[in-house]
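In: A structural model of the following input is requested.
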Amino acid sequence: MGKLFGTDGVRGIVGEDLTKELAMKVGSAAAYVLGKSSDVTVLIGRDTRISGQMLLAALSAGLMSQGAKVIDLGIVPTPAVSYLVKKYGATMGAMISASHNPAEYNGIKLFDANGFKLPDATENEIEKYLLGKAIPGSNKMGTYEVCETAIEDYTDHVASTSKKIDDKLNVVVDCAYGSASTTAKILFDKLGVNATFINYEFDGLNINANAGSTHLEGLVQKVKELNADVGIAYDGDADRCLMVDENGELIDGDQIMAISALAMKNNNKLSGNTLVGTVMSNLGLVKFCEEHNINFEATKVGDRYVLEKMLECNYVIGGEQSGHVIFKDYANTGDGQLTSVQMLNFITEENKKISELASIMKRYPQVLVNVKVREEGKTQYENDSQITKAIKDVEKSMGSDGRVLIRPSGTEGLIRVMLEGLDQEDITAKANSIADIIKEKFGI
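Out: Prediction:
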């Protein structure tokens, strides 16, 4: 991965890491790289952040400086851009969002003509121009127009994936003051679902603020207050979905995938009899798959790697604990609203409370300890005999009822020590014992 593009595009604090100048360069470099042999049409969506309009203007200027046709989709979810870029026959899509981060952050995520995140090779080529290589001049003049049909076309698509949802279900939906604020009411109206919406009156500064999938307290309170059957929470750009049951208990991405995979298996729709997760998926999901004779494939952390495995092997369901869930029959990226619709389908089909559906997977206690280390520690820790012995001793003591995962951060000077097991206090102590040795050897 390059110096600017992370696993989810270019992202940072606006005015510091992500400036209007950088946004303009991203536009001109992307248009040049993707438009060497053809004209370029680019769809741009954004979330509700106040910086979105400025970055839209800068990104559009860069694109148009290379002759691109820019189509402004307005405030839409990230998966809407992914879907519409293919539907509208565009060359590329761009989403201006920093997902679950606070309002002072923003980012630019790029999609290819099929709605997939750009491959590393293409991002690396674009990045060369961002880091100093001169972008060839152009005498082409691009154009800009506003699309009036984006929300209607996207919500039609998501609604089309639904069967008849029980109209007696009482649902609470948290829009995180983000992109779902413009689409969720329209979608649930099309579905005929009785839904109460919270955290949808955005002002450009309140995105994700004590709301959405990273702050479930308000959703839990509203579900209990209304005696609702289920609560649904999206993040700022609505590509994630977490849920709470009728008792206000969390249903995370791993549990959502377990419910989905079993329902698909029972309906003979689980291609390859396989569910794709990551190395950070809860041990409970792995155990669930074993118990139900479902194959489990683990990839590196990042939904792009989950999707790569799904495409390679033609699998249809995969995702992450954070709520990025990919239903490949309907989408090329994680889609929070699509995920919630599928879950409402499963609740209706099974005619069970969502707490009962979620009980098929036991979520193992998990602890994560971050250790700040010198840069060389991120590679050298694997060869340190004291650290490897400590890891092996802990693994042996837990047996098949726990696991240890040590993972260097791809973007920070950190080594992440993650343990799962049957007892929270026990795994916390063991995680800290490993972290202390890493800190002693390589810490700062």
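In: which intervals of this protein have sub-threshold pLDDT?
Out: Counting by pLDDT under 70, the chain shows low-confidence ranges at 1-3, 6-8, 37, 410-411.
In: let's go with 80 and repeat that
Out: Where the chain drops to pLDDT under 80, the residues are 1-9, 36-38, 410-412.
In: By residue count, tell me the biggest helix in the chain.
Out: The longest helix of the chain (DSSP state H) is helix 424-442.
In: If you count neighbours, what's buried in stretch 167-181?
Out: The neighbour-count check on stretch 167-181 (16 or more other CB atoms under 10 Å) flags 169, 171-181 as buried. Quick note: C-beta positions are derived from backbone N, CA and C, even for glycine.
In: In CSV: those, plus distance to Phe111.
Out: Putting these into CSV (distance: CB to CB, whole Å) gives the following:
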residue, distance to Phe111
Leu169, 33
Val171, 30
Val172, 31
Val173, 26
Asp174, 26
Cys175, 23
Ala176, 22
Tyr177, 24
Gly178, 19
Ser179, 15
Ala180, 19
Ser181, 22
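In: out of these, which one sits closest to Gly89?
Out: Set against Gly89, the nearest of these by CB to CB is Ser179 (22.9 Å).
In: mind listing what that closest one touches?
Out: 45, 47-48, 75-78, 80, 97, 234, 236-238 (CB atoms under 8 Å, 6 or more residues apart in numbering).
In: Likewise for Leu63?
Out: By CB under 8 Å, 6+ apart, the contact list for Leu63 reads 27-28, 30-31, 40, 42, 70, 142.
In: Helices - which of those land there?
Out: Those of the contacts of Leu63 mapping onto helices are 27-28, 30-31, per DSSP H.
In: Now the helix or strand where Glu127 lies: buried residues?
Out: Using DSSP states H and E, Glu127 maps to helix 120-130. Within helix 120-130, the residues scored as buried using 16+ other CB under 10 Å are 122-123, 125-127, 129-130.
In: What of stretch 356-374?
Out: Across stretch 356-374, burial judged by 16+ other CB under 10 Å covers 357-358, 361, 363-367, 369, 371, 373.
In: likewise stretch 414-433?
Out: Going by 16+ other CB under 10 Å, stretch 414-433 has these buried residues: 414-421, 426-427, 430-432.
In: Now distance to His324 too, for the buried residues of helix 120-130, in TSV please.
Out: Putting the buried residues of helix 120-130 into TSV (distance: CB to CB, whole Å) gives the following:
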residue	distance to His324
Thr122	21
Glu123	19
Glu125	26
Ile126	23
Glu127	24
Tyr129	29
Leu130	26
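In: Most remote residue from the middle of the chain, which is it?
Out: Asn139 (38.2 Å; CA atoms, centre = their mean).
In: and that one, that's in a strand?
Out: No. Applying DSSP: H, G, I helix; E, B strand; the rest coil, one finds Asn139 to be coil, outside a strand.
In: returning to what we had before: quick check: the farthest pair among the ones in helices among the contacts of Leu63?
Out: So, the ones in helices among the contacts of Leu63 by CB to CB: farthest apart are Ser28 and Ala30, at 7.5 Å.
In: So for these two, which residue has more residues nearby?
Out: Comparing Ser28 with Ala30 by other CB atoms under 10 Å, the one with more neighbours is Ala30, at 29 against 24.
In: Enumerate every residue touching that one.
Out: Counted by CB under 8 Å, 6+ apart, Ala30 has contacts 42, 62-63, 92, 94, 110, 126.
In: out of those residues, who's nearest Gly204?
Out: For the contacts of Ala30, the nearest to Gly204 is Ala94 (19.3 Å; CB to CB).
In: For the closest one, give me the backbone phi and psi.
Out: Dihedral angles of Ala94 (phi, psi; degrees, to the nearest 10) stand at phi -140, psi 140.
In: okay, now it: neighbour count?
Out: With other CB under 10 Å as criterion, Ala94 counts 29.
In: Same check on Asn267?
Out: Counted with other CB under 10 Å, the neighbours of Asn267 add up to 10.
In: How about His100, nearest residue that isn't a chain neighbour?
Out: Spatial nearest neighbour of His100, excluding adjacent residues (CB to CB, 6 or more residues apart in numbering): Asp235 at 4.2 Å.
In: for the spatially most central residue of the chain, what are its contacts?
Out: The centroid of the chain falls nearest to His324 when counting by CA atoms, centre = their mean (4.1 Å). His324 makes contacts with 239-240, 253, 303, 306, 334, as judged by CB under 8 Å, 6+ apart.
In: Also Leu307?
Out: By CB under 8 Å, 6+ apart, Leu307 lies in contact with 116-117, 318, 326, 328, 332-333.
In: which one among those gets closest to Val14?
Out: Nearest to Val14 out of the contacts of Leu307 is Lys117 (CB to CB; 21.6 Å).
In: Just confirm Leu205 contacts Ile50, I think it does.
Out: Yes. Proximity of Leu205 to Ile50 meets the contact threshold set by CB atoms under 8 Å, at 5.9 Å.
In: shared neighbours, those two?
Out: Counting by CB under 8 Å, 6+ apart, the residues touching both Leu205 and Ile50 are Ala103.
In: Now tabulate the buried residues of stretch 167-181 in a markdown table and tack on distance to Asp384 and secondary structure.
Out: Supplementary listing: the buried residues of stretch 167-181 in a markdown table, determined by distance: CB to CB, whole Å; DSSP: H, G, I helix; E, B strand; the rest coil:
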| residue | distance to Asp384 | secondary structure |
| --- | --- | --- |
| Leu169 | 54 | coil |
| Val171 | 51 | strand |
| Val172 | 49 | strand |
| Val173 | 49 | strand |
| Asp174 | 44 | strand |
| Cys175 | 47 | coil |
| Ala176 | 42 | coil |
| Tyr177 | 45 | coil |
| Gly178 | 43 | coil |
| Ser179 | 45 | helix |
| Ala180 | 46 | helix |
| Ser181 | 49 | helix |
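In: Among these, which one lies nearest to Leu56?
Out: The closest of those to Leu56 turns out to be Ser179 (CB to CB; 13.8 Å).
In: Out of the contacts of Ala30, flag the one nearest to Ile294.
Out: Looking across the contacts of Ala30 and measuring by CB to CB, the closest to Ile294 is Leu110, at 33.4 Å.
In: Okay, the closest one and Ala298: tell me how far apart.
Out: According to CB to CB, to the nearest Å, Leu110 and Ala298 sit 26 Å apart.
In: and the residue lying closest to Gly248 once chain neighbours are set aside, helix, strand or coil?
Out: Among residues not flanking Gly248 along the chain, Val220 sits closest, at 4.0 Å (CB to CB, 6+ apart). Secondary structure, three-state DSSP: Val220 is helix.
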